[in-house]
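Participant: model the following, please.
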Amino acid sequence: MARDPDTIEREIEKARDALASTLDQLSERANPKRLADTAKTSVLATLNEPKVKFPLIGAGALIGLLLLRKLFR
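Facilitator: Residues are numbered from 1 along each chain as shown. Below is the predicted model of the structure:
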């Protein structure tokens, strides 16, 4: 059973549009600037959590004190 050429053309155009849409979505997701911004936001959110923030402050203070102690010995 042969298919109508107009139907085939419509299906091809529909598939083309779907492919173009998918490629647009992929290019937006893989955008390096967007990926870097997302990573930066994620890291900053993690660093602002109290269970991460305060131990880092304590470690920084300890390293600072050890450096001062070594300098003034």
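
Participant: okay, CA-based contacts and neighbour counts for the rest of this
Facilitator: Will do.

Participant: any stretches of the protein with poor pLDDT?
Facilitator: For the chain, applying pLDDT under 70 flags the ranges 1.

Participant: helices of that one, residue ranges please.
Facilitator: 5-29, 32-47, 50-71 (DSSP state H).

Participant: with mean neighbour count added, can I get those helices in CSV?
Facilitator: Formatted as CSV, these follow (neighbours: other Cα atoms under 10 Å):
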stretch, mean neighbour count
helix 5-29, 11
helix 32-47, 12
helix 50-71, 11
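
Participant: next one: residue 65 from residue 38, what distance?
Facilitator: Residue 65 sits 35 Å away from residue 38, going by Cα to Cα, to the nearest Å.

Participant: what do you get for residue 28?
Facilitator: Taken as Cα to Cα, the span from residue 28 to residue 38 is 13 Å.

Participant: for residue 11, same thing?
Facilitator: On the measure of Cα to Cα, residue 11 and residue 38 end up 37 Å apart.

Participant: check residue 50 too.
Facilitator: Per Cα to Cα, residue 50 is found 21 Å from residue 38.

Participant: also residue 66?
Facilitator: 35 Å.

Participant: cool, and residue 70?
Facilitator: Using Cα to Cα, residue 70 is found at 40 Å from residue 38.

Participant: try residue 51
Facilitator: On the measure of Cα to Cα, residue 51 and residue 38 end up 21 Å apart.

Participant: again with residue 23
Facilitator: Counting by Cα to Cα - residue 23 and residue 38 are separated by 20 Å.
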